[in-house]
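**Q** okay, sequence plus prediction incoming.
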Amino acid sequence: MTDRLSDAQSGLRLWGLGTVRTIRPLWALLELEIPFTHEEILTRTPSMETDVYRNVSPRQKIPMFDDGELRIGESAAICLYLADRYRDSVTLTPNAGSAARAIHDELCWFAMTEMDSVLYTIRRHEGLPLVYGESKVAVDSARDYFIRSSGEIERRLSDGRKYLVDSAFSVADILVKSCLDWASIYKIELPEASQAYAHRLSERPAFQEAMKQNFTPKAMAALAGDPKS
Ligand SMILES: N[C@@H](CCC(=O)N[C@@H](CS)C(=O)NCC(=O)O)C(=O)O
């Protein structure tokens, strides 16, 4: 990216692409069918190091998101904000205060703290040894822990439901599906209902478009550690 920001058609701007975390808000935006500007910030490349991006994300992380004066990070928080703020024609969260919302939010927290953070242990101690140190013990125990977490998702899906909450696609599905896909990249075998669920969600047009926009050839090269290509 250059220091010149692209012209926003709306006040909505998503910063970052190319990772499991960035696909979450991108997928939510595409489900909601709202226009936004997408800035190509790629992790561990010089695009993270510009003054512009340091100003956007002093903690130097993607994704980040702007809506006018509002600027937030954290992929799950961005998805929840989008779902609550832009729920005119498409609904991605149950109503606040409902039992369905409580279960929904439970699953969102579960995805982030019992799935995402565990997978990030594998990423750090197997995929980024020069930055975080290599640790087979940490990686092996994270893999076991993830298998235990995925058992909880399997239990919830065992009655044959299509989506995790209330027969409707939601942010919880975005977060959990992204973690299941991430686990598959690490060759963690998913139980049967979880596999079928992840496959079903892959058929959503917004997911397929998000995959295309998120995992561009340049982003894939950056992920593989070759930011120059
Ligand atoms: N919990 C954050 C994690 C954000 C995160 O760690 N992003 C990674 C890319 S997936 C990143 O920016 N890494 C750069 C770094 O840690 O230096 C979220 O879900 O948004």
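**A** Yes, it's here.

**Q** which parts of this protein are helices?
**A** Along the chain, the stretches classed as helices by DSSP state H are 20-32, 51-56, 75-85, 99-110, 117-122, 129-132, 136-157, 171-185, 192-202, 205-214, 217-223.

**Q** make TSV out of the ones you listed and add mean neighbour count, mean pLDDT and distance to residue 43.
**A** In this view, the C-beta of every residue, glycine as well, is placed from N, C-alpha and C. Formatted as TSV, the helices of the chain follow (neighbours: other Cβ atoms under 10 Å; pLDDT from 0 to 100; distance: least, Cβ to Cβ, whole Å):
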stretch	mean neighbour count	mean pLDDT	distance to residue 43
helix 20-32	25	98	8
helix 51-56	15	97	11
helix 75-85	21	98	13
helix 99-110	17	98	23
helix 117-122	19	97	12
helix 129-132	10	92	11
helix 136-157	16	96	20
helix 171-185	24	98	14
helix 192-202	16	98	23
helix 205-214	16	98	12
helix 217-223	16	89	7
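
**Q** can I get those helices in TSV with distance to the ligand?
**A** Listed next are those as TSV, based on distance: least, Cβ to the nearest ligand atom, whole Å:
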stretch	distance to the ligand
helix 20-32	4
helix 51-56	10
helix 75-85	4
helix 99-110	11
helix 117-122	7
helix 129-132	8
helix 136-157	15
helix 171-185	9
helix 192-202	19
helix 205-214	11
helix 217-223	9
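
**Q** dump those helices to JSON lines, plus distance to residue 42.
**A** Converted to JSON lines, these look like this (distance: least, Cβ to Cβ, whole Å):
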{"stretch": "helix 20-32", "distance to residue 42": "9"}
{"stretch": "helix 51-56", "distance to residue 42": "11"}
{"stretch": "helix 75-85", "distance to residue 42": "16"}
{"stretch": "helix 99-110", "distance to residue 42": "26"}
{"stretch": "helix 117-122", "distance to residue 42": "18"}
{"stretch": "helix 129-132", "distance to residue 42": "16"}
{"stretch": "helix 136-157", "distance to residue 42": "25"}
{"stretch": "helix 171-185", "distance to residue 42": "17"}
{"stretch": "helix 192-202", "distance to residue 42": "23"}
{"stretch": "helix 205-214", "distance to residue 42": "11"}
{"stretch": "helix 217-223", "distance to residue 42": "4"}
